[in-house]
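Visitor: Show me how the following folds:
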Amino acid sequence: MRTSLPPLFLRTAFILMLTLSAVAVRAQLPAASSLRSSTPTDIERDAGVVTQLIERSEAHYKQGEANLKDRNPEAARSEFDKAVDMLLESGMDVRAHPRLQTYYLQLVERVFRLEVPTSQSAPAQVVAGAQQIASNNPKFLPVKDAQQPVPAQSGFLREQKFEPSPLDELSKLELTETEKTVTTEQQAELEEAKSAVDFKFNSNTLIQQYINYYQGRGRATMETGMRRSGRYMTMARKIFREVGVPEDIAWLGQVESAWRPTAMSWAAASGLWQFVPGTGRQYGLRQTAWIDERNSFEKATRASAMYLKWLANRYHGNWELAIGAYNTGEGNIDRAISRAGAANFWQTYPFIAQETRNYVPNILATILIAKNPEKYGFHSIRPDAPLAYDVVNVPNATSLQLIASMTDTNVDFLRSINPELRRDITPRGEAYNVRVPAGRGKQFVALLKRVPTERRETAKVISVTPGEDLQSIAARTGVSLAQLQLWNGGVDLKATNKVVVPANSVQRTIRPVRLGQQASGRNLVTVRARAGETVAQIATRYNTSADEVARLNGVAANAPLAANQAIQVPSSGSAPASATPQRVRRRR
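Guide: Below you'll find the model as predicted:
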């Protein structure tokens with residue numbers, strides 16, 4: 001016999017059960033708006049960690065301030081470096097946390113102000129440059145109350161101009177599906193190609209993927225870097241070899257700065273080799289109110305080689321890990337090794353920042369392409385000529401305007417070969433090795449002797465037309481005859497074509513000579529400019545006066561020229577500068 005409940009009772013019980021279940025489920029779920037707000041973002045989850053990190057960094061900064069008050073600058077500098085390094089080596093992506101990034105940039109500015117007091121009228125170009133680059137990316141937040149560059153005084157203090165570091169774009173680079181496609185044949189070729197590199201590394205498909213990138217949408221970047229590398233590569237290879245670093249790693253300069261000494265990253269890393277202030281100081285690169293040696297050619301290159309060598313020793317000769325640590329800091333790589341359980345870059349890959357994930361395979365791809373450009377489709381890339389210049393020691397503050405007028409060049413060109421100068425003047429109170437156009441060192445030394453030390457900040461020299469006397473020079477410059485006599489006492493105008501005048505004097509305008517017309521009784525020859533080259537650079541290459549070539553062609557000495565633009569050069573200067581070293585010549 002089967003027992004059953006009345007139908008009405010069953011229906012009522014079933015409905016009641018469904019209702020109670022719905023209420024129970026609803027009680028466990030927040031309202032829709034509450035659900036959205038209760039899901040923390042990465043920034044919200046890390047808020048506590050960021051707070052603690054900032055507090056620890058600030059403690060080091062405060063200790064540094066105390067050390068300065070106790071007149072212990074070395075201890076202060078050590079604490080300031082710890083404050084900055086704590087942020088960079090925390091394992092956190094500083095740019096991904098607006099509060100952390102803002103604090104970092106403000107910290108760099110405060111350290112700069114303390115180490116280079118405003119009484120020295122020093123421009124805060126480290127911060128200004130970093131802010132300028134950061135402002136180009138809407139993800140970056142501006143730094144409040146940032147110090148503005150100090151206005152120019154007497155024409156010798158300028159706002160340093162910086163270019164964005166390619167590292168900033170590299171950190172955001174995402175490869176396409178086409179670029180990620182690697183064939184078996186490409187893998188085999190990669191394995192074969194790496195044998196030509198002067199250090200060992202493990203193959204990985206990511207390396208080939210970056211080769212694919214440079215063969216496609218990154219081609220212009222690679223070609224530009226390969227051309228510009230010619231200016232510095234001979235020097236870099238020589239220094240790396242001397243320090244004991246594989247020479248092929250010198251191509252790191254292409255990824256770090258695209259071979260631009262004035263490149264600056266969002267993190268205030270500067271120069272060809274992108275040193276942050278603390279690491280730069282650690283490796284002997286001075287940063288004062290007058291110079292920043294992170295932007296130097298030779299000194300920064302040697303510091304980079306020394307740092308890489310130290311990192312390689314730390315990782316027992318593993319150059320992949322050393323290169324990764326160069327980018328992100330050894331603290332972050334040590335932490336990644338610990339988490340991966342192996343000292344192998346590709347095994348640490350999941351535990352390092354995205355920028356470093358891109359950085360190491362990018363450099364390895366760049367090296368492989370540079371070793372055999374034709375194989376990868378880069379044909380007829382002509383590297384720029386190595387930089388050529390004379391080096392002259394000046395004992396005290398000397399303006400670039402004076403140096404330019406004595407060496408027949410312009411201030412922009414002098415800035416380009418002396419990128420470590422923060423002002424348009426050499427450091428006051430100390431000797432400085434200034435670079436001048438190749439072949440002009442002796443001329444500069446001879447003319448500089450005629451200018452008293454106290455006038456080297458406010459003087460320049462001008463050319464004298466044959467037959468001119470001081471009276472006619474006074475008329476065309478607006479300088480009094482008495483002042484000219486004072487500044488050029490005992491000078492025989494028949495024996496020299498230069499006189500010293502105040503820097504603010506005005507020369508008479510001279511109309512350009514028509515193309516093909518003779519100048520000073522000499523024949524002219526036509527040379528073809530490279531894209532972006534200037535008259536001043538051509539004049540330097542052909543051992544002639546930049547002012548004269550500018551007048552001949554009716555083109556400003558520092559104006560960029562079009563590719564293959566015809567430029568007239570006096571025939572006596574038509575042979576390129578000799579590569580023979582001289583006493584003050586240094587050719588890279």
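Visitor: low-scoring pLDDT stretches of the stretch 401-550 of the chain, where are they?
Guide: Applying pLDDT under 70 to the stretch 401-550 of the chain flags the ranges 505-522.
Visitor: where do the helices sit along it?
Guide: Assigned by DSSP state H, counting those that start in this stretch, the helices in the stretch 401-550 of the chain fall at 411-417, 441-448, 470-477, 481-487, 535-541, 546-553.
Visitor: any idea which of these is most buried?
Guide: Per residue and on average, the most neighbours among the helices of the stretch 401-550 of the chain fall to helix 535-541, with a mean of 25 (mean count of other CB atoms under 10 Å). C-beta here means a position set from N, CA and C on the backbone, and glycine is covered the same way.
Visitor: Which strand or helix spans V569?
Guide: Assigned by DSSP states H and E, V569 falls within strand 566-570.
Visitor: Tell me which strands that strand pairs with, and in which orientation.
Guide: Sheet pairing of strand 566-570 (DSSP bridges) gives strand 524-528 (antiparallel).
Visitor: Can I get the strand it pairs with as CSV, trimmed to CA atoms?
Guide: The C-alpha trace of strand 524-528 is given here as CSV (Å, rounded to 0.1, in the frame of the first residue of the first chain):
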residue,chain,number,x,y,z
LEU,A,524,84.6,75.8,-53.7
VAL,A,525,83.6,72.2,-53.8
THR,A,526,80.2,70.6,-53.3
VAL,A,527,79.6,68.0,-50.6
ARG,A,528,76.3,66.2,-49.9
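Visitor: relative to helix 546-553, how tilted is that strand?
Guide: Taking axes from the mean of the first three to the mean of the last three CA atoms, to 10 degrees, strand 524-528 and helix 546-553 form an angle of 90 degrees between their directions.
Visitor: ok so, going back, I'd like the helices of the stretch 401-550 of the chain written out as a markdown table, with distance to E65 added.
Guide: Converted to a markdown table, these look like this (distance: least, CB to CB, whole Å):
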| stretch | distance to E65 |
| --- | --- |
| helix 411-417 | 34 |
| helix 441-448 | 42 |
| helix 470-477 | 50 |
| helix 481-487 | 47 |
| helix 535-541 | 45 |
| helix 546-553 | 48 |
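Visitor: To A269, which of the ones you listed lies closest?
Guide: Across the helices of the stretch 401-550 of the chain, the minimum distance to A269, taken as CB to CB, is reached by helix 411-417, at 20.4 Å.
Visitor: hmm, back to that, out of the helices of the stretch 401-550 of the chain, which is closest to R231?
Guide: Across the helices of the stretch 401-550 of the chain, the minimum distance to R231, taken as CB to CB, is reached by helix 411-417, at 10.1 Å.
Visitor: Which residues does the closest one contact?
Guide: Helix 411-417 is touched from outside by 387, 389, 400-401, 403-404, 407, 421, 424, 434-437, 534, 536-537, 540, 546, 558, with contacts defined as CB atoms under 8 Å, 6 or more residues apart in numbering.
Visitor: and R260, what does it touch?
Guide: By CB under 8 Å, 6+ apart, the contact set of R260 is E163, R228, L272.
Visitor: Give me the spatial nearest neighbour of the second one, chain neighbours excluded.
Guide: Take R228 and drop its neighbours on the chain: the residue closest to it by CB to CB, 6 or more residues apart in numbering is W259, 4.0 Å away.
Visitor: what's the pLDDT at N332?
Guide: N332 carries a pLDDT value of 93.
Visitor: Give me the contacts around the strand or helix carrying it.
Guide: Element membership for N332 (DSSP H and E) is helix 330-340. Defining contact as CB under 8 Å, 6+ apart, one finds that helix 330-340 is touched by 85, 89, 91, 311, 314-315, 321, 324-325, 343, 347-348, 350-353, 356.
Visitor: let's see 6 Å
Guide: Identification of contacts with helix 330-340 by CB atoms under 6 Å, 6 or more residues apart in numbering yields E89, G91, L321, G324, A325, A343, Q347, T348, F351, I352.
Visitor: what's the least confident helix or strand in this structure, going by average pLDDT?
Guide: strand 585-587 (a mean of 35; mean pLDDT, DSSP states H and E).
Visitor: quick one on the thing from earlier: looking at the contacts of R260, state which has the most neighbours.
Guide: L272 (27 neighbours; other CB atoms under 10 Å).
Visitor: residue contacts, that residue?
Guide: When contacts are counted by CB under 6 Å, 6+ apart, L272 touches G253, S257, P261, A300.
Visitor: and the residues you listed as TSV, adding neighbour count?
Guide: Output for the contacts of L272, formatted as TSV (neighbours: other CB atoms under 10 Å):
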residue	neighbour count
G253	27
S257	28
P261	22
A300	29
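Visitor: quick one on the thing from earlier: filter the contacts of helix 330-340 down to just the ones in helices.
Guide: Of the contacts of helix 330-340, the ones assigned to helices by DSSP state H are L321, G324, A325, Q347, T348.
Visitor: Pull out the buried positions in the strand holding V569.
Guide: Counting neighbours by 16 or more other CB atoms under 10 Å, one finds that the buried residues in strand 566-570 are I567, Q568, V569, P570.
Visitor: got it, and stretch 321-331?
Guide: Burial within stretch 321-331, assessed by neighbour count using 16+ other CB under 10 Å, is assigned to L321, A322, I323, G324, A325, Y326, N327, T328, G329, E330.
Visitor: Just checking the distance from stretch 423-431 to the centre of its chain.
Guide: Stretch 423-431 sits 22 Å away from the centroid of its parent chain (CA atoms, centre = their mean, to the nearest Å).
Visitor: Any idea how far apart the tips of that stretch sit?
Guide: End-to-end distance for stretch 423-431, by CA to CA, to the nearest Å: 15 Å.
Visitor: on that earlier part again, for Q187, state which of the contacts of L272 is nearest.
Guide: Q187 lies nearest to G253 out of the contacts of L272, by CB to CB, at 27.9 Å.
Visitor: And the pLDDT for the closest residue to the closest one other than its chain neighbours?
Guide: Using CB to CB, 6+ apart and skipping the chain neighbours, the partner closest in space to G253 is L272 (5.3 Å). Here, the pLDDT recorded for L272 equals 95.
Visitor: any idea how far V479 is from the residue nearest to Q485 when sequence neighbours are not counted?
Guide: The spatially closest residue to Q485, leaving aside those adjacent along the chain, is L470, at 6.4 Å (CB to CB, 6+ apart). Counting by CB to CB, to the nearest Å, the gap from L470 to V479 is 9 Å.
Visitor: Repeat that for R56.
Guide: Taking CB to CB as the measure, R56 falls 60 Å from V479.
Visitor: Give me the more crowded residue out of the two.
Guide: Between R56 and V479, V479 has the larger neighbour count (other CB under 10 Å), namely 21 against 14.
Visitor: on that earlier part again, could I get the buried residues of strand 566-570 as JSON lines with distance to G490 and pLDDT?
Guide: Below are those laid out as JSON lines (distance: CB to CB, whole Å; pLDDT from 0 to 100):
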{"residue": "I567", "distance to G490": "39", "pLDDT": "88"}
{"residue": "Q568", "distance to G490": "37", "pLDDT": "84"}
{"residue": "V569", "distance to G490": "35", "pLDDT": "86"}
{"residue": "P570", "distance to G490": "31", "pLDDT": "82"}
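Visitor: E454: which of those residues is nearest?
Guide: Among the buried residues of strand 566-570, P570 lies closest to E454 (CB to CB), at 36.1 Å.
Visitor: I'd like the distance from the strand holding V569 to the chain centre, please.
Guide: Its chain's average C-alpha position is 33 Å from that of strand 566-570, according to CA atoms, centre = their mean.
Visitor: just to revisit the earlier point, please spell out which residues along the helix holding N332 are buried.
Guide: Residues of helix 330-340 classed as buried: E330, N332, I333, D334, R335, A336, I337, A340 (neighbour count, 16+ other CB under 10 Å).
Visitor: coming back round to it: tell me the one of the contacts of R260 nearest K371?
Guide: Of all the contacts of R260, K371 sits closest to R228, with 17.5 Å by CB to CB.
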